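A.B. asks: The following block contains a protein sequence and its predicted model.
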Amino acid sequence: MGLSSEIKKEMYWMMVLSRKLDERAWILHRQGKIAFHISGIGHEAAQVGAAYALKRGYDWVTPYYRDLALMVCLGLTPEEFMLSLMGKVGEPSSGSRQMPSHFGLRRANAVSHSAPVATQAPHAAGIGLAIKMKKEDKVVLTTIGEGSTSQGEWYEAVNWAAIHHLPVIFLVENNQYAISVPPEKQMAVPSSADKACGLGLPGETVDGTDVFAVYETIHRVIEKARSGGGPALIEARMYRITPHSSDDDDRTYRSKEEVDENKKKDPILLARTRLIEEGIITEQEADEMDKKAKDMVTEAVKRSEEAAYPNAEEASYPVYVEEVQHA
Amino acid sequence: MPEKTLVEAVRDAMDEEMARDENVFVVGEDVGQRGGVFRATVGLFDKYGGERVIDSPLAELSIVGVSIGAALYGMKPIAEIQFGDFIFPAMNQIVSEAAKMTYRSNGEWTVPMVIRAPYGGGIGGGLYHSQSIEAFFTHVPGLKVVIPSNPYDAKGLLKSAVRDPNPVIFMEPKKGYRLIRGEVPDEEFLVPIGPAKISRSGSDLSIFAYGMMHYYAMAAAEQLEKEGISAEVIDLRTLYPVDRQTILESVKRTGKALIVHEDNLTGGYGGEIAAIIAEHAFTDLDAPVRRLAGPDVPGVPFSHPMQEWFMVNEEKIADAARKLAQY
Ligand SMILES: Cc1ncc(C[n+]2csc(CCOP(=O)(O)OP(=O)(O)O)c2C)c(N)n1
Ligand SMILES: [Mg+2]
């Protein structure tokens, strides 16, 4: 596998930058400056590991709302994320028509995501089908929460990919909750990856707090898919450290002790410790990275606060392709 | 000019578009070797192979969802829903995804696809092989809804639908598949999506219809002519977005409007036409706008007398037109 020290450092940086963006979003929400945030805190290792296993900008992704770190790896800039939180002009996924974190980035082959969970899964199968029809060597990564794998939409998509041997990687981010509901009430198997055997594709569970373990697993199945080896289903396990969203109060269904216990497995802490142990970064460098990320986020917030809101009339289009306004 | 049945015209349109553009493909249940349960894809499998004429799993949601994914990648899917009655599992993908993609991504992502669905009763199909489904879709901005009434339009409109950059719901009157015949030139032609057609000029009243009901409306108009009543018949063809101008101009000429559809009356498509006329042609009217539609029961019953009780037909149209003409 052999990830270079440089790449490992870069992956860590992506995790840190995403975390700082995410933390700032919570602060902005508390300050009453934004209306809504849905957080990826705790998911960074899984998402960065998966992103680095892709040929970013070449392969395709159908993401979901938890995927801030994945999107940052695909090139979503801090300012673009802040614009989406504030509903400002220049927001790249929807021109601020959608709520924040309904990701989509055309230039990175990351497809527009909506709110009804699991709708992105059949799209990934369709993209995989098109790739196969065109005899290209791209792959599609599609992500989803474990609760949303209860949807028929997800099963139908996995079924398609398995039947047609499509180059699709189904990554389930199992963060132990679907808002308040635990995985035991979503499925009778211990891992969503166990559902693979009934659908005819390989399934694997990986520690989603270990960025390099996720990278290795996803990289392996991606390269197999790329060379015609068919789809795979991977469950990455982590813990949703924050409430479901800024509208949720998680004290109504889980204890502070449980959350605190799981914070010890914060993927960023784990990666930091490991990289320092391996001599890839020093304590001081890690602190500098934190500071640099914070400064970048501050700058992004400033620019986004200065940015304009869309004109109200922009809400009238583009309903049909004929109405698309090209910049 | 060769005479064709409506279903032959549908088939020819797909054949020509597949020959013209290698990105066009057909997907649905039994569309392959079987050529579709209504034989609409007959011969396409032999000509283009299983990679472009795909027998899908028996799952409408993913027939549409996978097609959306392929369209996002630049393919031009023609998805066949075996019976319009079975489109409901795919509702989420049609309404939440296909219809909203252009708007929600500010034109970054588009879904150029056609969903073909045979609809309508009078064929002994009972509740679940007879429904008219247009009103569910004419409420959804982002979709185009097209219903041809004759072979010429079926071919020309379907070819336009395949070339349209938006998602198009293309509903085919299944009772008319073999019953309705007409001349279709061998040369390439298109019928544009949008304009309605004055199928027959008249001066006493306007009859607005589409699909199978247009066929009966023409027959009724012929009968009425012998009785000295001059009915103008308008084939709406594109239900959404609808051709208001042709509707309003016709009402201006005749002063009376009869709107006919076989779908249930309440909340049916006719209400929209009635509203357009009431809002924009009130002073041109010499009589109340009249709607003739299927009764408000949950479906078309199977047993013949009950089925005929449900169905709007030539006599019922002629009767309603007579009363309106005499008003
Ligand atoms: C079809 C649908 N039903 C309900 C919701 C409301 N909802 C949004 S997220 C969510 C929980 C999803 O949990 P999971 O799939 O585990 O993903 P996570 O948020 O934990 O990452 C629910 C119920 C929705 N968005 N879509
Ligand atoms: Mg979850």
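C.D. replies: Thanks, I have it. Residues are numbered from 1 along each chain as shown, chains lettered A, B, ... in the order given. Ligands and ions are numbered 1, 2, ... in the order given.
A.B. asks: Residues of the stretch 201-327 of chain A that sit close to ligand 1?
C.D. replies: Contact residues (Cβ under 6 Å from any ligand atom) of the stretch 201-327 of chain A with ligand 1: A:240, A:244. Heads up, the C-betas are built off the backbone N, CA and C, glycines and all.
A.B. asks: The chain: strands as residue ranges?
C.D. replies: All of this is about chain A. In order along the chain, chain A carries the following strands (DSSP state E): A:60-62, A:140-145, A:168-174, A:203-207, A:232-237.
A.B. asks: not what I meant, chain B
C.D. replies: According to DSSP E, the strands that chain B contains are B:3-5, B:24-28, B:53-55, B:76-80, B:114-119, B:144-146, B:168-173, B:181-183, B:197-200, B:205-209, B:231-235, B:238-240, B:257-264, B:290-294.
A.B. asks: Please name the bridge partners of the residue of chain A at minimum distance from ligand 2.
C.D. replies: The minimum distance from chain A to ligand 2, using Cβ to the ion, falls at A:G145 (3.7 Å). With DSSP bridges as the criterion, A:G145 is bridged to A:E173.
A.B. asks: looking at it, it is touching A:N175, isn't it?
C.D. replies: Yes - using Cβ atoms under 8 Å as the test, A:G145 is close enough to A:N175 to be in contact (6.8 Å).
A.B. asks: Identify the contacts common to these two.
C.D. replies: Overlap between the contact sets of A:G145 and A:N175, as judged by Cβ atoms under 8 Å, 6 or more residues apart in numbering or on different chains, is given by A:R66.
A.B. asks: how near is the residue of chain A closest to ligand 2 to A:Q120?
C.D. replies: With distances taken as Cβ to Cβ, to the nearest Å, A:G145 is found 11 Å from A:Q120.
A.B. asks: Could you list the contact residues of the stretch 151-300 of chain A toward chain B?
C.D. replies: Applying the criterion Cβ under 8 Å from any Cβ of the partner chain, the portion of the stretch 151-300 of chain A that neighbours chain B consists of A:152-153, A:156-157, A:159-160, A:163.
A.B. asks: ok, these vs ligand 1, which is closest?
C.D. replies: For ligand 1, the nearest member of these is A:E153. The distance, counting by Cβ to the nearest ligand atom, is 8.5 Å.
A.B. asks: Can you tell me the closest non-neighbouring residue to whatever residue of chain B ends up closest to ligand 1?
C.D. replies: Closest contact between chain B and ligand 1, by Cβ to the nearest ligand atom, is at B:N92 (7.7 Å). Residue nearest to B:N92 in three dimensions, not counting chain neighbours: A:P116, with 6.0 Å by Cβ to Cβ, 6 or more residues apart in numbering or on different chains.
A.B. asks: burial measure for that neighbour, as a count.
C.D. replies: Applying other Cβ atoms under 10 Å in any protein chain shown, we find 14 other residues in the vicinity of A:P116.
A.B. asks: Then A:R303?
C.D. replies: Counted with other Cβ under 10 Å, the neighbours of A:R303 add up to 15.
A.B. asks: Next up, the contacts around it.
C.D. replies: By Cβ under 8 Å, 6+ apart, A:R303 lies in contact with A:79, A:82.
A.B. asks: go again using 10 Å as the cut-off
C.D. replies: A:78-79, A:82-83, A:88, A:90 (Cβ atoms under 10 Å, 6 or more residues apart in numbering or on different chains).
A.B. asks: Pull the number of nearby residues for whatever residue of the stretch 151-300 of chain A ends up closest to chain B.
C.D. replies: Closest approach between the stretch 151-300 of chain A and chain B, counting by Cβ to the nearest Cβ: A:E156, at 3.7 Å. One way to gauge burial is a neighbour count; for A:E156, by other Cβ under 10 Å, it gives 25.
A.B. asks: ok, and the closest non-adjacent residue to A:A232?
C.D. replies: Once its chain neighbours are removed from consideration, A:A232 has its nearest residue in A:V221; the separation is 3.8 Å (Cβ to Cβ, 6+ apart).
A.B. asks: May I ask you to confirm that the one you found is in contact with A:P202?
C.D. replies: Yes - taking contact to mean Cβ atoms under 10 Å, the distance of 7.4 Å between A:V221 and A:P202 places them in contact.
A.B. asks: ok, whichever residue of chain B sits closest to chain A - contacts?
C.D. replies: Distances between chain B and chain A by Cβ to the nearest Cβ are smallest at B:G69, namely 2.0 Å. For B:G69, the contact set (Cβ under 10 Å, 6+ apart) comprises A:60, A:62, A:111, A:120-131, A:140, A:142, A:157, A:160, A:166, A:168, B:62, B:75, B:77, B:93, B:97, B:111.
A.B. asks: rerun that using 6 Å as the cut-off
C.D. replies: For B:G69, the contacting residues are A:123, A:126-127, taking Cβ atoms under 6 Å, 6 or more residues apart in numbering or on different chains as the criterion.
A.B. asks: and which of those is nearest to chain B?
C.D. replies: Lowest distance from chain B to the contacts of B:G69 (Cβ to the nearest Cβ) belongs to A:G126, with 2.0 Å.
A.B. asks: how far away is the closest one from A:S112?
C.D. replies: 14 Å.
A.B. asks: swap in A:R254?
C.D. replies: Note on A:R254: its distance to A:S112, by Cβ to Cβ, is 32 Å.
A.B. asks: Which of these two has more residues huddled nearby?
C.D. replies: In this comparison of A:R254 against A:S112, neighbours counted by other Cβ under 10 Å, the higher total goes to A:S112 at 26 against 16.
A.B. asks: how deep is the nearest residue to the more buried one once chain neighbours are set aside tucked in, by neighbour count?
C.D. replies: The shortest distance from A:S112 to any residue that is not its chain neighbour, by Cβ to Cβ, 6+ apart, is 3.4 Å, and that residue is A:G104. By the criterion of other Cβ under 10 Å, A:G104 has 25 neighbours.
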